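Chemist: Sequence first, predicted coordinates after that:
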Amino acid sequence: MKTYIYLIIFLLTTPLFSQPSGKEILNLIDKNLTARTRIMTAKMIINGARGSRTIEFKTWAEGEDRAFTEYTNPAREKGTKMLKVEDKLWIFSPSTDRIIQITGQMLRQSVMGSDLSYEDMMEDPDLTSHYSASVVASDTVQDRKCWVLQLNALAEGEAYEVRKIWVDQERYVPLREELYGKSGKLLKRTQLSEVTRIQGRWFPMKIVYKDMLKAGDGTQFIIVTIKLDEIIPENTFSKASLK
Amino acid sequence: MLAFKLALKNLIGAGLRTWLNVFVLSLALVMIVFQSGIIHGWDLQAKIDMTEWEVGGGEYWHNLYDPYDPLSLNDGHGSLPSELKKLYNDGQAVPVLVTQASVYPEGRMRNILLKGIDPSQNIVKLPASLMKGDSLVINALIGNRMANATRLNKNDMVTVRWRDANGTFDATEIRIAGIFHTNVASIDNNQIWIPLDKLQKMTGLDGNATYIILKQGITSAPTVPGWIYKGHDILFSELDTIIKSKSIGGLVLYIILLSLALLAVFDTQVLSIFRREKEIGTYIALGMTRWQVVRLFTIEGAMHSILSVVAGAIWGMPLLYLVAKYGFAMPKATEGYGLTIAEKIFPVYSLGTIITMTIIILVTTTIVSYIPSRKIAGMKPTEALRGKVQ
């Protein structure tokens, strides 16, 4: 009889134990999305008030701190290069043949009128080390069951104090993210879709960024090709590669 | 004296040709005085406006603040030191905190400077008292240029996004409590003013300021560690540079105008000597030396300038007076130039400029009159009497 009671208690509590903690989910997300290096070709479709335009580029990134981007299309932007090393950003414009350094707040400025800031584009945030996470609900996004995670910044100085992430319960890929201001106002929303298996990881190939304070349909970020953990030559992240 | 009488008689006798030259010369003179008056008037008005609206009696800047470097705003602020706090408490100064922000009128993003100032201040003309009122809403003040650029009206609500001292984003709605009209673009373009205490709270920079405006008339500026005093000479230096470059640009115009007028006088002299060879021969035959005749023709040419001063005074003075009284309307587009420039400029004429220009015209006209007249010195009187071209 005692055995049956234990069995019933075990069966009733199993769903509770099967739900991973916020930290575990974050670790699994980081495992999926964080790579030592990334080499990708991508395009950005900016939907503005005067219509939309597409910018194509190739990015070589190493961790959070180093990234090199070269614009390949349209002709007006072709040859423009950006190099990010830690919190410094250099831009080379072929039309002026000059390298300009942008630091600090300017990294948070919009990239070519899009809903993305330079930081959004170049960062690969390791969420585990910056945020504490707790599962606050379950929801369905893109017909997939998701955990809803609330992330609170561990220390002052994070761009967004609170984030909410909808994480696919099977693939541990975020499908939606909301970024909130200090006062709790929703500032940005990100929709991630077209989740594809890449080198044993699940990776979203389409991301739609929407600045919630701005009118418009947001900016689409579409990854065309991506290679993870490839070796990137050291000189890629030097200023010499800008010219 | 005979030469002057004769020259005047000849000039008046030449009729329309003389009056055309006189008019062109007087036009150059009046235009130069007008142009110089406009620049001088702009300079004076701009400095008065800047003093009243922006810089007061001078400013103290945090030593890391550089208005030309937006990145300096991250660190270019600090707590008010006791010396400056005392001035603030005594109503002798007002602190201003500046931070970068974005505003979203009609869903469009626009990068701006968010400035905090005490709504009770009376150091500058900014109508800060309009920001007083409901403590639940942030009342903001914008200038007419900013209102035009963002299409914001009084009582509109608009979202502002900023980062606090630690770099964390936040956003809130603010109410446009008033729109002020000023000639000083540097406190208007891409700027929103809100109460200082609200901005300090929003950014987590309690008691901090970026710069402090002193009341007009404060003459002593004690040395304050960490803060740099900026007097009018420094605060007006940008305007002085613009005025200087405009003055140089004006100088080019003066040279062109004067050259055209002098060319007409020169041309008249050449033609006059060519057509009046018999007359020249007669003068010499009657006993005048060649150089006396040269002097006569030179005086004749130079008399154009004297007549032009008289003519300029007759038609130019009333005109210049009317412009000085009613002002010279500047095109609407100048509002967007970012310069301190009034809708109407009231020219300030300088006696020094008028005297200098009169002397320059007199001297240059004499020179251009003398140059062709030298030919007379080489003439043979017998040939000249016969009217033979030499």
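Modeler: Yep, that arrived. Residues are numbered from 1 along each chain as shown, chains lettered A, B, ... in the order given.

Chemist: What about residue 143, how many residues nearby?
Modeler: All of this refers to chain A. The local packing of residue A:143 (other Cβ atoms under 10 Å in any protein chain shown) involves 5 other residues. Placement of C-beta: from N, CA and C, glycine included.

Chemist: meant chain B actually
Modeler: 26.

Chemist: quick one: pLDDT of the residue in chain A positioned nearest to chain B?
Modeler: The nearest approach of chain A to chain B comes at residue A:215, 2.6 Å away (Cβ to the nearest Cβ). Per-residue confidence (pLDDT) for residue A:215: 84.

Chemist: Confirm it sits in a strand?
Modeler: No: with DSSP: H, G, I helix; E, B strand; the rest coil as the criterion, residue A:215 is located in coil rather than a strand.

Chemist: My guess is it contacts residue B:105. True?
Modeler: No: counting by Cβ atoms under 8 Å, residue A:215 stays clear of residue B:105, with 10.2 Å between them.

Chemist: and the two? which has more neighbours close in?
Modeler: The neighbour count for residue A:215 versus residue B:105, taken as other Cβ under 10 Å, is higher for residue B:105 (17 against 12).

Chemist: Surely residue B:110 is in contact with residue B:102?
Modeler: Yes: at 6.6 Å, residue B:110 and residue B:102 qualify as touching, with contact defined as Cβ under 8 Å.

Chemist: Neighbour count for these two, which is higher?
Modeler: Set residue B:110 next to residue B:102 and count neighbours by other Cβ under 10 Å: residue B:102 wins out with 22 against 14.

Chemist: Checking the more buried one next. Helix, strand or coil?
Modeler: Assigned with three-state DSSP, residue B:102 falls in the strand class.

Chemist: And the nearest residue to residue B:236 once chain neighbours are set aside, how close does it get to residue B:245?
Modeler: Spatial nearest neighbour of residue B:236, excluding adjacent residues (Cβ to Cβ, 6 or more residues apart in numbering or on different chains): residue B:47 at 5.9 Å. Separation of residue B:47 from residue B:245 (Cβ to Cβ, to the nearest Å): 16 Å.

Chemist: So for these two, which residue has more residues nearby?
Modeler: residue B:47 (18 against 10).

Chemist: does any bit of stretch B:150-164 sit next to chain A?
Modeler: Yes: residues of stretch B:150-164 contacting chain A under Cβ under 8 Å from any Cβ of the partner chain: B:159, B:161, B:163-164.

Chemist: Would you reformat the residues you listed as a markdown table and include pLDDT, neighbour count and secondary structure?
Modeler: Output for the residues of stretch B:150-164 next to chain A, formatted as a markdown table (pLDDT from 0 to 100; neighbours: other Cβ atoms under 10 Å in any protein chain shown; DSSP: H, G, I helix; E, B strand; the rest coil):
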| residue | pLDDT | neighbour count | secondary structure |
| --- | --- | --- | --- |
| B:159 | 95 | 19 | strand |
| B:161 | 93 | 20 | strand |
| B:163 | 89 | 21 | strand |
| B:164 | 91 | 19 | coil |
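
Chemist: Need the max-distance pair from those.
Modeler: B:159 and B:164 (16.4 Å; Cβ to Cβ).

Chemist: Does anything pack onto the helix or strand hosting residue B:362? Which helices or strands?
Modeler: Applying DSSP states H and E as the criterion places residue B:362 in helix B:351-373. Identification of packing neighbours for helix B:351-373 by 3 or more Cβ pairs under 8 Å, 6 or more residues apart in numbering or on different chains; DSSP states H and E yields helix B:16-50, helix B:237-275, helix B:290-311.

Chemist: nearest to residue B:352, of the ones you listed?
Modeler: Nearest to residue B:352 among those is helix B:16-50; the distance by Cβ to Cβ comes to 9.6 Å.

Chemist: by contact count, what packs against the closest one?
Modeler: Using 3+ Cβ pairs under 8 Å, 6+ apart, helix B:16-50 is in contact with helix B:237-275, helix B:290-311, helix B:317-326, strand B:344-345, helix B:351-373.

Chemist: Can you point out the buried residues in the third one?
Modeler: Right, the one you point to is helix B:317-326. Neighbour counts over helix B:317-326 (16 or more other Cβ atoms under 10 Å in any protein chain shown) mark B:320, B:323-324 as buried.

Chemist: Distance to chain A added to those residues, as CSV?
Modeler: Output for the buried residues of helix B:317-326, formatted as CSV (distance: Cβ to the nearest Cβ, whole Å):
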residue, distance to chain A
B:320, 46
B:323, 44
B:324, 46
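
Chemist: Dump those residues to CSV, plus pLDDT.
Modeler: What follows is the buried residues of helix B:317-326, written out as CSV (pLDDT from 0 to 100):
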residue, pLDDT
B:320, 90
B:323, 89
B:324, 87
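
Chemist: Tell me the one of those residues nearest residue B:230?
Modeler: Residue B:230 lies nearest to residue B:324 out of these, by Cβ to Cβ, at 32.6 Å.

Chemist: mind checking how far the closest residue to that closest one other than its chain neighbours is from chain A?
Modeler: Distance criterion Cβ to Cβ, 6+ apart; nearest residue to residue B:324, sequence neighbours excluded, is residue B:347 at 5.4 Å. Look at residue B:347 and chain A: by Cβ to the nearest Cβ, to the nearest Å, they are 41 Å apart.

Chemist: Could I get the contacting residues of residue B:347?
Modeler: B:34, B:37-38, B:40-41, B:320, B:323-324, B:328 (Cβ atoms under 8 Å, 6 or more residues apart in numbering or on different chains).

Chemist: cool, and residue B:159?
Modeler: A:213, B:103-104, B:171-174.

Chemist: For PyMOL, write the selection for the buried entries among these.
Modeler: This is how PyMOL selects the buried members of those, with burial counted by 16+ other Cβ under 10 Å:
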select buried, (chain A and resi 213) or (chain B and resi 103+104+171+172+174)
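
Chemist: could the contacts of residue B:159 go into TSV alongside distance to residue B:119?
Modeler: As requested, the contacts of residue B:159 are exported to TSV (distance: Cβ to Cβ, whole Å):
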residue	distance to residue B:119
A:213	26
B:103	20
B:104	24
B:171	22
B:172	18
B:173	19
B:174	14
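
Chemist: Just give me the closest of the contacts of residue B:159 to residue B:362.
Modeler: residue B:103 (58.9 Å).

Chemist: is it true that the closest one touches residue B:158?
Modeler: Yes: using Cβ under 8 Å, residue B:103 is in contact with residue B:158, at 5.9 Å.

Chemist: Quickly list what's touching both of those two.
Modeler: residue B:150.

Chemist: Around chain A, pick out the residues from the stretch 101-250 of chain B.
Modeler: Checking the stretch 101-250 of chain B against chain A by Cβ under 8 Å from any Cβ, the hits are B:102, B:104, B:106-109, B:111, B:159, B:161, B:163-164, B:166-172.

Chemist: Alpha carbons of stretch B:221-237, as PDB, please.
Modeler: Taking C-alpha atoms only, stretch B:221-237 is exported to PDB below (Å, rounded to 0.1, in the frame of the first residue of the first chain):
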ATOM      1  CA  ALA B 221      34.500  84.100 -11.300                       C
ATOM      2  CA  PRO B 222      36.200  82.200  -8.600                       C
ATOM      3  CA  THR B 223      38.300  79.200  -9.500                       C
ATOM      4  CA  VAL B 224      36.300  76.000  -8.800                       C
ATOM      5  CA  PRO B 225      38.100  72.700  -8.900                       C
ATOM      6  CA  GLY B 226      36.600  70.400 -11.600                       C
ATOM      7  CA  TRP B 227      34.700  73.200 -13.200                       C
ATOM      8  CA  ILE B 228      36.000  75.600 -15.900                       C
ATOM      9  CA  TYR B 229      34.700  79.200 -16.200                       C
ATOM     10  CA  LYS B 230      33.700  80.300 -19.700                       C
ATOM     11  CA  GLY B 231      33.400  84.000 -20.100                       C
ATOM     12  CA  HIS B 232      31.700  85.800 -23.000                       C
ATOM     13  CA  ASP B 233      34.900  86.000 -25.000                       C
ATOM     14  CA  ILE B 234      34.900  82.100 -25.200                       C
ATOM     15  CA  LEU B 235      31.100  81.700 -25.400                       C
ATOM     16  CA  PHE B 236      30.900  84.200 -28.200                       C
ATOM     17  CA  SER B 237      33.900  82.900 -30.100                       C
END
